[in-house]
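Asks: quick one, what's the 3D model for this:
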Amino acid sequence: MSLSRGGLQAVLVEGRPACPLVLQVISAAEMRNGRFKLELSDSVHTTLGVSGSQLHELMRTVRPGSVVEVPTHTIVRVRNRMVLTVLDMRVLQQEAALMGTPVPLEDASIIAPSSNGDDAIPPHAGCTAQHSPTPSSATNNAAIVPISQLNPYMNNWTVKARVMEKSAVRCWNKTGKEGQLFTVDLKDASGDIRAVAFNAEVSRLFEQLQLHKVYKITRSRLRLADKRWNKLEHDYEICFTPQSVLTPCEDGQCADVPKQFNHRAIVKLASVSPGTMLSIICVVVSISDLHATVKSKRRIMTVGDCSNAVADVTLWGQLAEECELQPGHVAAFQSLRVSDYNGRSLTSTSATRMIPGPTDYEEETQSLREWYESGGPQRAARLTTGAPGKGKKAVEHSTIAALSGLYDNQLPSTFEVRACVTFIRQGKWCYPACASCARKAVSTGSGRWTCCFCTTEFDAPNWRYVASVQLSDHTGAVWASFFDDCGCVLIGCQAGELVHLQEQEGPDAVNAVFKTALFRRYMFTLRVTPPSGLHTAGGDCSRVVLIRAVPLAANWAQNARELAAQIPLL
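Replies: Numbering: from 1, shown residues only. Below is the predicted model of the structure:
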């Protein structure tokens, strides 16, 4: 098997097309971002290369000496050195001896940037290599890069994508700094990616970016996606800068950008990991009335599709209030989170979007209506156990020492424990909240407060508990976090009353109230959060969340009967 002898010099030095390139991998090392740093040879020269994020699984099978074919690549300059970014690859031979006596391609011989500041080699006819557009070129004439191939090693890229989702403007407050942001999810034929705008870019771009419109976007920055908030599959996200250029596309230029999103069949939820974000097209089987909880409002509906499966979907907040769906109606939902509550169910998030009677899915809509009218819900498998909207998760009775073992065995993560409070961590034990949505509020500096979530202003916040306590029983102790509902039960008063007491009499008065709350017996409902097990006293308090506390009166006869019933089980 022969390599593309002289191909690297032709591409990097002479600027001539040489596609596809047949190269040998001299070395491959995985970097922290999941990409692979490569040393590639054409039997004459060697050069530095980087694999695209979409090749992560394939690169794990590549070994030093492997012969590969590179049909698609791009060339970018990194620190005054040209780097071959591999966008597509096919392994021709898994292992082979070193071919030829290659030497490093001298950096000095590589084409220098043109006088107009272009750091990319111009494209050639008949070659599938993709190159970054010049900064001075107009956006409409720039080469379009597929979203799936975006990576930080590309310079001056341009994408053409449709706005599939758009968030509201949100406030942020971190390490004493404040600002605002909003996000949009962009999609083209190759995939989707999230874009975020901060501060000054919010006022410049929020009205310009319209839902379902197609734009050409260039002169923006790529950064690693924070998977705590960004659930899209792309490894990176776009960050708009003051230099970012957004050009709307006319309707005649949008034929190559899909209008539809990728939806999952409900029957496949059983194999999807909890926490995964997905979209569905479904028909409503049943729907509950609007129910007001302490923090928000919710509505639970049972939905199904032609895969002969039904599951529960829980809508929260404004989405639940605006929902006017009835049994038999067809709807599309974007960005639902998969939950393992009562088997498999779905729940809405701040990014969830509901589309009643989606016009872009006429064929699917007709099929769902026929399935519903033919009695499909009666024949469907139910992925959510219990009565729709009423089932409660089974609660295990346990001791503190046994919680870690129970969770490690992947049993239900909610438990009841009879224990007492032995210590309340002082310091930051409450936060100022919005009266309507209970989210954090910040002071405007002029005596008024504003909500970070719904951006409303008010004279005084509603103070709410958020603190940590140490719970103890006869087997051990554990740290748990508690919030306002449990705090009112444990402390015996509202958080606002303690804040007022602290302002009038000082911190010692608050400490005295905390001491009176110690060593009282409660039946606690605890939730152990993934991914790892429980840490006992002195450990990570974020592992356990206290969701319910019921005071227990001393009933020695009942306690004795319960202990006697456990003796035969020892």
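Asks: could you find the closest non-adjacent residue to the residue nearest the centre of the chain?
Replies: The centroid of the chain falls nearest to residue 231 when counting by C-alpha atoms, centre = their mean (2.6 Å). Nearest residue to residue 231, sequence neighbours excluded (C-beta to C-beta, 6 or more residues apart in numbering): residue 277, at 3.7 Å. Every C-beta, even on glycine, is put in place using the N, C-alpha and C of the backbone.
Asks: so the residue lying farthest from the centre of the chain: helix, strand or coil?
Replies: Residue farthest from the centre of the chain, counting by C-alpha atoms, centre = their mean, is residue 557 at 50.7 Å. Of the three states, residue 557 takes helix under DSSP: H, G, I helix; E, B strand; the rest coil.
Asks: repeat that for the one 10 residues further on.
Replies: Under three-state DSSP, the three-state class of residue 567 is helix.
Asks: check which element follows the lowest-mean-pLDDT helix or strand in the chain along the chain.
Replies: Taking mean pLDDT, DSSP states H and E as the measure, helix 400-408 is the helix or strand of the chain with the lowest mean score, a mean of 61. Using DSSP states H and E, the helix or strand that follows helix 400-408 in sequence is strand 414-424.
Asks: okay, and the residue nearest to the centre of the chain sits in which element?
Replies: Per DSSP H and E: nothing holds residue 231, as it lies in no helix or strand.
Asks: just residue 284 next, same as before
Replies: Per DSSP H and E: residue 284 is located in strand 277-287.
Asks: packing partners of that strand?
Replies: Packing contacts for strand 277-287, counted by 3 or more C-beta pairs under 8 Å, 6 or more residues apart in numbering; DSSP states H and E, involve strand 297-305, strand 330-339, helix 362-373.
Asks: quick check: which of these is buried the most?
Replies: strand 297-305 (a mean of 23; mean count of other C-beta atoms under 10 Å).
Asks: quick one: mean pLDDT for it?
Replies: Mean pLDDT, computed over strand 297-305, is 91.
Asks: partner strands of the helix or strand just after that strand and their direction?
Replies: Next along the chain after strand 297-305, taking DSSP H and E as the criterion, comes strand 309-316. Sheet pairing of strand 309-316 (DSSP bridges) gives strand 297-305 (antiparallel), strand 345-347 (parallel), strand 381-382 (parallel).
Asks: make JSON lines from those and add distance to residue 416 to it.
Replies: Formatted as JSON lines, the strands paired with strand 309-316 follow (distance: least, C-beta to C-beta, whole Å):
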{"stretch": "strand 297-305", "distance to residue 416": "23"}
{"stretch": "strand 345-347", "distance to residue 416": "22"}
{"stretch": "strand 381-382", "distance to residue 416": "27"}
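Asks: residues near residue 311, how many?
Replies: Residues near residue 311, counting by other C-beta atoms under 10 Å, number 29.
Asks: that one contacts residue 380, doesn't it?
Replies: No. If you go by C-beta atoms under 8 Å, residue 311 and residue 380 don't touch, sitting 9.5 Å apart.
Asks: which parts of the stretch 101-250 of the chain are strands?
Replies: Taking DSSP state E, counting those that start in this stretch, the strands of the stretch 101-250 of the chain run over residues 103-104, 158-166, 170-174, 177-188, 191-198, 214-218, 221-224, 236-239, 245-248.
Asks: should've said the stretch 451-570 of the chain
Replies: Under DSSP E, counting those that start in this stretch, the stretch 451-570 of the chain gives strands at 457-458, 462-473, 476-483, 521-528, 544-551.
Asks: tell me the most buried of these?
Replies: In terms of average neighbour count - mean count of other C-beta under 10 Å - the standout among the strands of the stretch 451-570 of the chain is strand 476-483, at a mean of 22.
Asks: quick one: it to chain centroid distance?
Replies: 27 Å (C-alpha atoms, centre = their mean, to the nearest Å).
Asks: quick check: angle from that strand to strand 414-424?
Replies: 90 degrees (axes from the mean of the first three to the mean of the last three C-alpha atoms, to 10 degrees).
Asks: could you give the angle of strand 476-483 to strand 544-551?
Replies: Using the same axes, to 10 degrees: strand 476-483 against strand 544-551 is 90 degrees.
Asks: what is strand 476-483 packed up against?
Replies: Partner elements for strand 476-483 (3+ C-beta pairs under 8 Å, 6+ apart): helix 400-408, strand 462-473, strand 544-551.
Asks: for residue 518, which of these is the nearest?
Replies: strand 462-473 (9.3 Å; C-beta to C-beta).
Asks: which strands and helices sit next to the closest one?
Replies: helix 400-408, strand 414-424, strand 430-433, strand 476-483, helix 484-491, helix 495-505.
Asks: tell me, how many residues neighbour residue 273?
Replies: Neighbours of residue 273 (other C-beta under 10 Å): 7.
Asks: give the helix, strand or coil label for it.
Replies: Per three-state DSSP, the local secondary structure of residue 273 is coil.
Asks: what bridges to the residue nearest to it when sequence neighbours are not counted?
Replies: In space, and not counting its chain neighbours, residue 273 is closest to residue 338: 7.1 Å by C-beta to C-beta, 6+ apart. Counting by DSSP bridges, residue 338 forms beta bridges with residue 346.
Asks: wait, what's in contact with residue 338?
Replies: 269, 272-278, 344-346 (C-beta atoms under 8 Å, 6 or more residues apart in numbering).
Asks: please repeat the previous calculation with a cut-off of 7 Å.
Replies: Residue 338 makes contacts with 269, 272, 274-276, 278, 344, 346, as judged by C-beta atoms under 7 Å, 6 or more residues apart in numbering.
Asks: separation between it and residue 268?
Replies: 10 Å (C-beta to C-beta, to the nearest Å).
Asks: now residue 463
Replies: Counting by C-beta to C-beta, the gap from residue 463 to residue 268 is 45 Å.
Asks: and for residue 30?
Replies: Residue 30 is 30 Å from residue 268, by C-beta to C-beta.
Asks: cool, residue 423 as well?
Replies: Applying C-beta to C-beta, the value for residue 423 to residue 268 is 46 Å.
Asks: now do residue 91
Replies: Taking C-beta to C-beta, one finds residue 91 at 30 Å from residue 268.
Asks: ok, residue 486 next?
Replies: In terms of C-beta to C-beta, residue 486 sits 37 Å off from residue 268.
Asks: swap in residue 446?
Replies: 53 Å.
Asks: so between those two, which is more surrounded?
Replies: Taking residue 446 and residue 268 together and counting by other C-beta under 10 Å, residue 268 has the greater number of neighbours (14 against 7).
Asks: could you look up the SS state of the more buried one?
Replies: Applying three-state DSSP: residue 268 is helix.
Asks: could you find the closest non-adjacent residue to it?
Replies: Counting by C-beta to C-beta, 6+ apart, residue 307 is the residue found nearest to residue 268 once chain neighbours are left out, at 7.4 Å.
Asks: next one: residue 213
Replies: Nearest non-adjacent residue to residue 213 (C-beta to C-beta, 6+ apart): residue 163, at 5.7 Å.
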